[in-house]
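1. Need coordinates for the below:
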Amino acid sequence: MIELIPAIDIIDGKCVRLTQGAYETKKVYDEHPIEVAKMLEGCGLKRLHVVDLDGAREGRIINYKTLNLIASHTSLVIDFGGGLKSDADLEIAFDNGAQMITGGSIAIKEPELFCQWLKLFGAERILLGADAKDGKIAVSGWQETTAQALIPFIEAFHQRGVQKVICTDIGRDGMLKGPATELYVQIRQALPDVYLIASGGVSNVRDIEALDEAGIPAVIFGKAIYEGRITPRDLEKFIIHNS
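-> Numbers count the residues shown, from 1 in each chain. Okay, the predicted model is just below:
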């Protein structure tokens, strides 16, 4: 059954969500991400996707203290992304409680460095962030769209050792209009050995069920649970099956 991964996005140490990656659409859901993390853990969830949006925009890790608070006050397995550009950034993330990191922009801009991380830290700890707009990879906190096509991008890194990929359809992110299920199915058909984590657009539990039925291994969701469109009770069957 599909793995559930709630998301906490951080700006100025607060739990926020953006719409289609636009920083001017910022909506603060909680002043204290640690309380959100505790709530998610209390629902029985085991994983957490944390994004340092300040870091993504600035190109350096910024909200590591918030990461540390979440990691030290919960037992959630955390993957962390946003602004990771150097070995030192990764060490900071791991030292502050991340069990995994997600690299997106760095994989486009410095692919050799990203592949070096795969060898140094292991493929289980290094996730590829494949964020796409109209089928093309976007970087730098989604502020830049490249000419790199999505599936060939993932395939190239899979051949170099990547096992897990977070794929976000930017056009659906934060819109609550449903995920890009057809796109994820295409990726699974092309690359069945990749552990694909779908992200963006989840609006209710039926969206998660549809992804599960389509054979997608994992899903990230955020706004839907913060706005009450997905309740803890909705998630029970997935949590019980995966526990």
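2. If you rank every helix and strand of the protein by mean pLDDT, what lands last?
-> Ranking every helix and strand in the chain by mean pLDDT, DSSP states H and E puts strand 144-149 at the bottom, with a mean of 80.
3. Run the angle between the next helix or strand after it and strand 144-149 for me.
-> Where DSSP states H and E defines the elements, the next helix or strand beyond strand 144-149 is helix 150-158. Inter-element angle recorded for helix 150-158 and strand 144-149: 80 degrees (by axes from the mean of the first three to the mean of the last three C-alpha atoms, to 10 degrees).
4. Which neighbouring elements make contact with helix 150-158?
-> helix 111-121, strand 126-133, strand 136-139, strand 164-169, helix 181-190 (3 or more C-beta pairs under 8 Å, 6 or more residues apart in numbering; DSSP states H and E). Where C-beta positions appear, they are placed from N, C-alpha and C, glycine not excepted.
5. pLDDT wise, what is the residue lying closest to residue 151 once chain neighbours are set aside at?
-> What sits nearest to residue 151 in space, not counting adjacent residues and going by C-beta to C-beta, 6 or more residues apart in numbering, is residue 190, at 5.3 Å. The score at residue 190 is 97. That number is its pLDDT.
6. Repeat that for residue 175.
-> The model's pLDDT for residue 175 equals 64.
7. Near residue 199, how many other residues are there?
-> Residue 199 has 27 neighbours, counted by other C-beta atoms under 10 Å.
8. which residue is nearest the middle of the protein?
-> The geometric centre of the chain, computed from its C-alpha atoms, lies nearest to residue 49 (C-alpha atoms, centre = their mean), at 5.1 Å.
9. Can you give me the separation between the closest residue to it other than its chain neighbours and residue 103?
-> In space, and not counting its chain neighbours, residue 49 is closest to residue 7: 4.4 Å by C-beta to C-beta, 6+ apart. According to C-beta to C-beta, to the nearest Å, residue 7 and residue 103 sit 17 Å apart.
10. Over to residue 180?
-> 21 Å.
11. thinking again about what came up before, so which helix or strand takes in the residue nearest to residue 49?
-> Going by DSSP H and E, residue 7 is part of strand 3-11.
12. Distance from the chain centre to the helix or strand following that strand, please.
-> The helix or strand immediately downstream of strand 3-11 is strand 14-19, counting by DSSP H and E. Its chain's C-alpha centre and that of strand 14-19 lie 13 Å apart, by C-alpha atoms, centre = their mean, to the nearest Å.
13. helix or strand right after strand 14-19?
-> strand 22-30.
14. so the residue nearest to residue 49 touches residue 220, yeah?
-> Yes - using C-beta atoms under 8 Å, residue 7 is in contact with residue 220, at 5.1 Å.
15. can you tell me how far residue 135 sits from residue 103?
-> Separation of residue 135 from residue 103 (C-beta to C-beta): 20 Å.
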